[in-house]
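**Q** only the shape, not the letters, is given here:
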């Protein structure tokens, strides 16, 4: 059975949970295609070690997932876990993510000398030369900052930087900080008298729309954002 499947792994605390899935359907599901979770699973069992056939106990499942429904647990594992890709799948995913990165740089950065975008082919070549690690599953927003810095050593890049002041209710500060750190550079932060958190953030102009969507989701629409003119 394992020969015709791949494993999705999720660590929760000190426990490890695994499910066996069909490689290609699982990849499509992971990338956002809508399908029934049962259609990608080879077995409806939840394992602690799938290669040995060791199943997770009911107690451990309930503690980690607050349910013993195997399909609901499988959904959580698919959403948060790591899909073990075969070589061809990983190559295709990295190529697609690289294409997205190159297009983003072409649209959002210019050569400071000419004030014109660098050609797509040039950006792609330099990206290879920089040997930047590209995560096929990680959001573009979450890794572009760590890609741009080493790339600048080989390719002069200039972008428009926005300064945003963002105020979020205290109960959403944790979720908001993860968004701030992944997508921009925090200049300052302070707690206001009403308990809310105010952060001044530097952000690439090309990421503004994505940032507004993400901070809106993280704060259930309660964030207040203003831009320095």
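**A** Yep, that arrived. Because the structure is predicted, anything quoted here is derived from the model rather than measured.

**Q** in the protein, which spans are helices?
**A** Ranges of helices in the chain, per DSSP state H, are 23-30, 58-65, 70-80, 87-108, 120-130, 140-152, 173-183, 208-218.

**Q** for the closest residue to residue 90 other than its chain neighbours, what are its contacts?
**A** Nearest residue to residue 90 in three dimensions, chain neighbours excluded: residue 136, at 6.3 Å (C-beta to C-beta, 6 or more residues apart in numbering). Using the backbone N, CA and C atoms, a C-beta is placed for each residue, glycine as well. Listed by C-beta atoms under 8 Å, 6 or more residues apart in numbering, the contact partners of residue 136 are 85, 90, 93, 94, 96, 97.

**Q** tabulate the helices of the chain in JSON lines, adding columns for distance to residue 164, mean pLDDT and mean neighbour count.
**A** Shown next, in JSON lines, are the helices of the chain (distance: least, C-beta to C-beta, whole Å; pLDDT from 0 to 100; neighbours: other C-beta atoms under 10 Å):
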{"stretch": "helix 23-30", "distance to residue 164": "32", "mean pLDDT": "89", "mean neighbour count": "19"}
{"stretch": "helix 58-65", "distance to residue 164": "37", "mean pLDDT": "93", "mean neighbour count": "15"}
{"stretch": "helix 70-80", "distance to residue 164": "29", "mean pLDDT": "94", "mean neighbour count": "17"}
{"stretch": "helix 87-108", "distance to residue 164": "16", "mean pLDDT": "88", "mean neighbour count": "15"}
{"stretch": "helix 120-130", "distance to residue 164": "27", "mean pLDDT": "94", "mean neighbour count": "15"}
{"stretch": "helix 140-152", "distance to residue 164": "15", "mean pLDDT": "88", "mean neighbour count": "17"}
{"stretch": "helix 173-183", "distance to residue 164": "10", "mean pLDDT": "89", "mean neighbour count": "18"}
{"stretch": "helix 208-218", "distance to residue 164": "8", "mean pLDDT": "91", "mean neighbour count": "17"}
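
**Q** so which of these is nearest residue 41?
**A** helix 70-80 (6.0 Å; C-beta to C-beta).

**Q** can you give me the distance of residue 182 to residue 132?
**A** 17 Å (C-beta to C-beta, to the nearest Å).
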